[in-house]
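**Student:** Quick one, structure for this:
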Amino acid sequence: MLWAESHKIMTVTRVPFSMEENGQQTGFSLELWEALAKDLGWDYEIERVDSFADMLGPIEAGTADAAIANISITANRELVMDFTQPIFEAGLQIMTDTDGSNVSIWSAVMSRDMLIAIAGAFALLFGGGMLMWYFEKHHQDYFNMPARKAMFPAFWWALNLVVNGGFEERQPRSPMGRVFGVFLVISSLFLVSVFVARITAVLTIDAIQSNVSGIGDLYGKSIGTVESSTASDFLTRRDLRFTGYANPTEMLEAFEAREVEAIVFDAPILAYYVTHAGKGKARLVGPIFLPENYGIALPTNSPYADQINHSLLKLREDGTYDTIYRKWFGIK
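**Tutor:** As a prediction, the model looks like this:
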């Protein structure tokens, strides 16, 4: 296959490697290809498709000259196509919601179990206060009132007992009131201990359940990735259930809608999302695992592989590659 006047270059949208903005083809990979084509004196035409399969299909069939985006060099792909030398060092990484690392006391208090416990505590305080009113209504002025009017003062007395651990000047005077008062003091210590322990337990359990620090923490969680990607292959090998999306856009939309708890995908794409559209909403977890290299895909036995590889070396040596890299990813 000879290079025609307009060379057919396949790509797929993968921010920030390949995308179309304001009618212009841009992204790290496309700017790198532009520099390569300029160095080699080649004209080309970009054909943007919707999926990796649509992009790599023409390369495998030999009907396109090259494909460039964030194409991982894998053993299976090497069986049906060729690759240039690596153009980007990447790998897989995990991304989760920032909320998963910040479990608040408010969320613990508003849990169903805690609300039931709080309602029960209010009922016990009210019941204990009214029972003390019954014992003391004829023995001290504070409780000397009808039951309807005594509801709040009795509840307040019981609450004061729990909070302060004492009766202040309103000590029980009747024999039954004193016995019941001792019981309330001991019970209040138990009640406060139970509430503190409960809140601590809820916070601890929520923190453990929400914390993701590595692959081993993903079991039992809802995971999203792009179908037919190296990430999906990895998750399948690890017996991790996941939802596959047609492209990163759909995957990230599902993440923002909280349809999945974690994303496993190409590290540079996730890093770009975290620092741009997902800033403050998402975080990267742990280091890159399963290192990968991206390359330019060529038809099998392409006669132009050596020329492209030579040009890539030139671009690295003269600083062009580093300039393009810094533009999209900062200091290398």
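
**Student:** Distance check, Q93 against V212.
**Tutor:** 12 Å (CB to CB, to the nearest Å). Quick note: C-beta positions are derived from backbone N, CA and C, even for glycine.

**Student:** Mutual contacts of those two, please.
**Tutor:** Common neighbours of Q93 and V212 (criterion: CB atoms under 8 Å, 6 or more residues apart in numbering): V285.

**Student:** For the chain, which segments count as strands?
**Tutor:** Along the chain, the segments classed as strands by DSSP state E run 7-12, 19-21, 24-26, 44-49, 66-67, 82-83, 88-97, 223-226, 243-245, 262-266, 282-294, 297-298.

**Student:** what's the closest of those strands to L184?
**Tutor:** Minimum separation from L184 across the strands of the chain (CB to CB) falls at strand 88-97, 44.5 Å.

**Student:** Give the partner strands of that closest one in its sheet and their orientations.
**Tutor:** strand 262-266 (antiparallel), strand 282-294 (antiparallel) (DSSP bridges).

**Student:** Now that strand: buried residues?
**Tutor:** Buried residues in strand 88-97, counted by 16 or more other CB atoms under 10 Å: 88, 90-97.

**Student:** can I get those in TSV with distance to A297?
**Tutor:** Below are these laid out as TSV (distance: CB to CB, whole Å):
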residue	distance to A297
F88	13
A90	15
G91	19
L92	19
Q93	23
I94	27
M95	26
T96	31
D97	34
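
**Student:** which of those lies closest to F28?
**Tutor:** F88 (7.4 Å).

**Student:** Report the contact partners of that closest one.
**Tutor:** 17, 28-29, 70, 268, 293-294 are the contacts of F88 under CB under 8 Å, 6+ apart.

**Student:** so it bridges to which residues?
**Tutor:** Beta-bridge partners, per DSSP bridges, of F88: Y294.

**Student:** Reformat the buried residues of strand 88-97 as a markdown table; add distance to S311 and pLDDT.
**Tutor:** Formatted as a markdown table, the buried residues of strand 88-97 follow (distance: CB to CB, whole Å; pLDDT from 0 to 100):
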| residue | distance to S311 | pLDDT |
| --- | --- | --- |
| F88 | 16 | 96 |
| A90 | 21 | 93 |
| G91 | 25 | 94 |
| L92 | 29 | 95 |
| Q93 | 30 | 95 |
| I94 | 35 | 95 |
| M95 | 34 | 94 |
| T96 | 40 | 92 |
| D97 | 42 | 87 |
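
**Student:** hey, where'd the helices end up in the protein?
**Tutor:** 28-40, 52-61, 75-78, 105-109, 112-136, 147-164, 175-210, 230-237, 248-256, 267-275, 305-317, 320-329 (DSSP state H).

**Student:** and those, which one's lowest on average pLDDT?
**Tutor:** Here the helices of the chain differ in mean pLDDT, and the lowest is helix 105-109 at a mean of 55.

**Student:** before we move on, back to that, for F190, which of the strands of the chain is the nearest?
**Tutor:** So among these, strand 88-97 is nearest, using CB to CB, at 37.7 Å.

**Student:** angle of that closest one against helix 230-237?
**Tutor:** Interaxial angle, strand 88-97 versus helix 230-237 (axes from the mean of the first three to the mean of the last three CA atoms, to 10 degrees): 60 degrees.

**Student:** Pull the contacting residues for A158.
**Tutor:** Counted by CB under 8 Å, 6+ apart, A158 has contacts 125-126, 128-129, 132, 184.

**Student:** List the contacts of the most centrally placed residue in the chain.
**Tutor:** Central residue of the chain (CA atoms, centre = their mean): T96, 1.2 Å from the mean position. Taking CB under 8 Å, 6+ apart, we find T96 in contact with 212, 261-263, 282-283, 285.

**Student:** hmm, try it at 10 Å
**Tutor:** T96 makes contacts with 210-213, 217-218, 221, 255, 260-263, 282-285, as judged by CB atoms under 10 Å, 6 or more residues apart in numbering.

**Student:** Likewise for R77?
**Tutor:** Here R77 is in contact with 56, 59-60, 71, 83, 230, 295, 297 (CB under 10 Å, 6+ apart).
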